[in-house]
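Engineer: I need the structure of the sequence given here:
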Amino acid sequence: MQTQLAPQFAHTPEGKEAARILEKCVHCGFCTATCPTYQLLGDELDGPRGRIYLIKQIAEGQIPTEKTRAHLDRCLTCRNCESTCPSGVQYGKLVDIGRKWTEESTPPRPLTERMTRWALKEGLTRPVLFNSAMVLGRLVRPIMPTGIKRKIPSEKSKALAKNIDPYARPQASHARKMLLLEGCVQPGMLPNINSATARVLDALKIQLVSASTATCCGALRYHLNDQEGGLENAKQNIDAWWPLVEQGVKAVVMTASGCGVMVKDYGHLLAQDPNYAAKAKTISELTKDISEILPTLQNELINLIGTDPKSGVVYHPPCTLQHGQQIRGAVESLLGSIGVGVKLCADSHLCCGSAGTYSVTQPKLSEQLRKNKLTHLQAACEESGAEIIVSGNIGCITHLQQDDMPVLHWIEIVDQLITQKHLIAE
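Structural biologist: Down below sits the predicted model:
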């Protein structure tokens, strides 16, 4: 698709990148078949092909409207279209550029929208504020509306197994060390995810370390059109992690795939920054989702857990893992190798509707997608006999949570199995 960039974009890095991405699109429409919002709304402009057309118009000088902004806002950025596209169009990068241009050229959003987006950016990315709110939220959880209640995990859901302290971290030192991004909301909402990861790696003779001055990965701000704020988060993390990188950490471990897809993009996002480009590239290369790390240690894991058949699970692959990072089959294969049967649901390629802050900014669409996903997940549980749903991203886990069907991070299953074997051995 040929694009004649408007003068104001012609010589900018964003304009050149947009033109490069647009050039690959052949307007075939394969992407619409797997777009969740197009499936719900049936509007061409609420699918990738239509949004690409809108962004092309902006790139060529047409002034975007609030209607344009609404169509771009309704995109989940699930990037399912990228997995489907035969031409390799990097839609995720393009829609971020389009949103930025639109935000700069349209009237200010209504006050309530601006306040909501500000609260999301400032509240969720500051652990001190968020953790305090979470403590208060747990106290009044019983009287909260259902939609808010499920975003506040109960005390009993902090850890899967009895006698496991969700905050307990191993204290042993090992020669092999890896660096963990703690995350903004995960330590306050579901601390056992990071603790379980630390315990599993400790059992494999790997020490998981953190940097106290690390912050939000930047994804939340970046995708809410505070792109400068997102890049500042990225730089702060690079500064916090770099001394540990120089000391030889083997990887930067991600237990939330939404954070992982952002950190893996640091090299691209900061490529034009002379002070950070080289370091950002190194950080991106070191960044690995936990589902990439454990398969390289599969034999050691089998020695710890065995391969005997165990209770099965239904797995919901996060979009940020299967489409954003293009990692598919790793979790299923790993769990299968240690005897845990894994079932996928009928629409496993589709978004659950969480999508970062989407469940707050687009609640109706998000809830429709959640209901659809839960229907298929429950059918998969009934078919397979599984009693637990697992995923690999904090957003999906909390969004899909139900009182009668727990949703956990799959690493918690591995941790429980190691703990059980250890207790039996004693």
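Engineer: longest helix of this structure?
Structural biologist: Longest helix in the chain, counting residues (DSSP state H): helix 363-384.
Engineer: pull the distance from that helix to the chain's centre.
Structural biologist: Using CA atoms, centre = their mean, to the nearest Å, the mean C-alpha position of helix 363-384 is found 19 Å from that of the whole chain.
Engineer: point out where this protein drops to low pLDDT.
Structural biologist: Applying pLDDT under 70 to the chain flags residues 127-163, 421-426.
Engineer: try it again at 50.
Structural biologist: Across the chain, the ranges flagged by pLDDT under 50 are 156, 158-159, 161, 426.
Engineer: give me the domain ranges for the chain.
Structural biologist: Listed by automatic domain parsing, the domain ranges of the chain are 7-105, 127-293, 298-425.
Engineer: give me the helices and strands touching the longest helix of the chain, please.
Structural biologist: helix 36-41, strand 310-315, strand 340-344, helix 358-361 (3 or more CB pairs under 8 Å, 6 or more residues apart in numbering; DSSP states H and E). Any C-beta I mention is one placed from the backbone N, CA and C, and that applies to glycine too.
Engineer: run through who's touching the helix or strand just after the second one.
Structural biologist: Scanning forward in sequence from strand 310-315, with DSSP states H and E defining helices and strands, the next element found is helix 319. Residues outside helix 319 that contact it (CB atoms under 8 Å, 6 or more residues apart in numbering) are 76, 78, 79, 80, 351, 355.
Engineer: how does it look with 6 Å?
Structural biologist: With CB atoms under 6 Å, 6 or more residues apart in numbering as the contact definition, helix 319 has outside contacts at 78, 351.
Engineer: that one: what's the following helix or strand?
Structural biologist: Next along from helix 319, by DSSP H and E: helix 330-337.
Engineer: restrict that following helix to CA atoms and write it as PDB.
Structural biologist: Taking C-alpha atoms only, helix 330-337 is exported to PDB below (Å, rounded to 0.1, in the frame of the first residue of the first chain):
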ATOM      1  CA  ALA A 330       5.900 -23.800  25.100                       C
ATOM      2  CA  VAL A 331       3.700 -24.000  28.200                       C
ATOM      3  CA  GLU A 332       1.700 -26.900  26.900                       C
ATOM      4  CA  SER A 333       4.800 -28.900  26.000                       C
ATOM      5  CA  LEU A 334       6.600 -28.100  29.300                       C
ATOM      6  CA  LEU A 335       3.600 -29.100  31.500                       C
ATOM      7  CA  GLY A 336       3.000 -32.200  29.400                       C
ATOM      8  CA  SER A 337       6.600 -33.300  30.000                       C
END
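Engineer: give the buried residues for that helix.
Structural biologist: 330, 331, 332, 334, 335, 337 (16 or more other CB atoms under 10 Å).
Engineer: out of everything not next to it in sequence, what's closest to residue 117?
Structural biologist: Leaving out its chain neighbours, the residue that sits closest to residue 117 by CB to CB, 6 or more residues apart in numbering is residue 224, at 5.4 Å.
Engineer: now residue 254
Structural biologist: residue 260 (3.4 Å).
Engineer: hang on, that neighbour packs against residue 252?
Structural biologist: No. With contact defined as CB atoms under 6 Å, residue 260 does not reach residue 252; the gap is 8.9 Å.
Engineer: next, count neighbours for the residue nearest to residue 117.
Structural biologist: 20 (other CB atoms under 10 Å).
Engineer: and what of residue 13?
Structural biologist: Neighbour tally, residue 13, other CB under 10 Å: 11.
Engineer: what's near enough to touch it?
Structural biologist: Residue 13 neighbours (CB under 6 Å, 6+ apart): residue 272.
Engineer: do you know how far it is from residue 269?
Structural biologist: 11 Å (CB to CB, to the nearest Å).
Engineer: equivalent analysis for residue 248, please.
Structural biologist: Taken as CB to CB, the span from residue 248 to residue 269 is 25 Å.
Engineer: same deal with residue 48?
Structural biologist: For residue 48, the distance to residue 269 - CB to CB - is 21 Å.
Engineer: could you check which of these two is surrounded by more residues?
Structural biologist: residue 48 (28 against 22).
Engineer: just to check, that one is in contact with residue 29?
Structural biologist: No. Applying CB under 6 Å as the test, residue 48 and residue 29 come out as separate, 9.0 Å apart.
Engineer: contacting residues around the closest residue in space to residue 336 that isn't next to it in sequence?
Structural biologist: Excluding its sequence neighbours, the residue lying closest to residue 336 (CB to CB, 6+ apart) is residue 342, at 6.0 Å. Applying CB under 6 Å, 6+ apart to residue 342 gives the contacts 315, 332, 335, 336.
Engineer: would you map the strands across the stretch 151-300 of the chain?
Structural biologist: 176-180, 206-209, 252-254, 287-289 (DSSP state E, counting those that start in this stretch).
Engineer: tell me which of the ones you listed sits most buried.
Structural biologist: strand 252-254 (a mean of 27; mean count of other CB atoms under 10 Å).
Engineer: what does the helix or strand residue 304 falls within contact?
Structural biologist: Using DSSP H and E, residue 304 falls within helix 298-305. By CB under 6 Å, 6+ apart, the residues outside helix 298-305 that reach it are 203, 204, 337, 338, 417, 418.
Engineer: ok, the second one - how many residues close by?
Structural biologist: Applying other CB under 10 Å, we find 17 residues neighbouring residue 204.
Engineer: what residues are up against it?
Structural biologist: Residue 204 neighbours (CB under 6 Å, 6+ apart): 297, 300.
Engineer: for the remainder of this discussion, apply numbering that starts at 18.
Structural biologist: In the new count, where the first residue is 18, that last one comes out as residue 221.
Engineer: can you tell me how far it sits from residue 262?
Structural biologist: For residue 221 relative to residue 262 (CB to CB), the value is 21 Å.
Engineer: quick revisit: output the domains of the chain as TSV; include the columns distance to residue 132.
Structural biologist: Output for the domains of the chain, formatted as TSV (distance: least, CB to CB, whole Å):
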stretch	distance to residue 132
domain 24-122	16
domain 144-310	13
domain 315-442	12
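Engineer: returning to what we had before: closest one to residue 298 among the strands of the stretch 168-317 of the chain?
Structural biologist: Of all these, strand 304-306 sits nearest to residue 298, with 11.0 Å by CB to CB.
Engineer: wait, what's in contact with the spatially most central residue of the chain?
Structural biologist: Among the residues of the chain, residue 275 comes closest to the average C-alpha position under CA atoms, centre = their mean, at 1.6 Å. Shown in contact with residue 275 (CB under 6 Å, 6+ apart): 337, 410, 412.
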